[in-house]
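Trainee: after the sequence you'll find the predicted model.
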Amino acid sequence: MKKIEAFIRHEAFEPIRTELLDKGFPSLSILEAKGSGRQKGIVEQYRGSTLTVNVRPKIKLEVVVEDADKAIVVETILKHARTGEVGDGKIFVLPVEEAIRIRTGEGGEAVLQVHSEEEIPT
């Protein structure tokens with residue numbers, strides 16, 4: 001199993017989420033993040049003062065997939081997040097040693113499978 005962590009621009013999230021859902025990857029974790037990198041700070045004017053903002057807002061997207069599905073998820077993120085400009089973000093791929101579904105206690109790659117309609121509470 002692989003955990004894919006991607007730091008992306010906010011505007012790239014919805015197209016990524018939609019395509020991953022269409023490809024059968026509905027389970028994502030999303031966190032608001034701020035960071036700095038090569039894009040450096042941006043200069044803003046606030047109440048007559050010049051202010052340099054050195055950290056930029058990003059979204060941290062996390063998804064755990066089977067090894068065979070890693071390329072699909074990474075390609076989808078690259079397709080929608082890459083503008084060619086500094087600040088597009090980063091993708092990290094990490095090994096996942098174990099996964100356990102809390103509700104049932106089952107483990108392994110079975111916990112990565114999409115739930116059937118009957119399993120989803122209404």
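Mentor: Looks like it arrived, so ask away.
Trainee: quick one, helices of the protein?
Mentor: Under the criterion DSSP state H, the chain carries helices at the ranges 10-22, 70-81.
Trainee: switch those over to JSON lines; also include mean neighbour count, distance to F92 and mean pLDDT.
Mentor: From N, CA and C alone the C-beta is placed, and that goes for glycine too. As requested, those are arranged in JSON lines below (neighbours: other CB atoms under 10 Å; distance: least, CB to CB, whole Å; pLDDT from 0 to 100):
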{"stretch": "helix 10-22", "mean neighbour count": "15", "distance to F92": "15", "mean pLDDT": "94"}
{"stretch": "helix 70-81", "mean neighbour count": "17", "distance to F92": "10", "mean pLDDT": "96"}
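Trainee: please enumerate the strands of this protein.
Mentor: Along the chain, counting by DSSP state E, strands occupy 2-8, 29-35, 42-46, 49-53, 56-65, 89-95.
Trainee: nearest to L112, out of those strands?
Mentor: strand 56-65 (6.3 Å; CB to CB).
Trainee: run the angle between that closest one and strand 89-95 for me.
Mentor: Strand 56-65 and strand 89-95 meet at an angle of 30 degrees, taking axes from the mean of the first three to the mean of the last three CA atoms, to 10 degrees as the criterion.
Trainee: first to last residue in stretch 102-110, what's the distance?
Mentor: 13 Å (CA to CA, to the nearest Å).
Trainee: what helices or strands is the least confident helix or strand in the chain by mean pLDDT leaning on?
Mentor: Across the helices and strands of the chain, the lowest-confidence element by mean pLDDT, DSSP states H and E is strand 42-46, at a mean of 74. Packed against strand 42-46 by the contact rule (3 or more CB pairs under 8 Å, 6 or more residues apart in numbering; DSSP states H and E) you find strand 49-53.
Trainee: quick one: mean pLDDT for the strand it packs on?
Mentor: pLDDT averaged over strand 49-53 equals 78, rounded to a whole number.
Trainee: neighbouring contacts of it?
Mentor: Residues lying outside strand 49-53 but in contact with it, judged by CB atoms under 8 Å, 6 or more residues apart in numbering, are 41-45.
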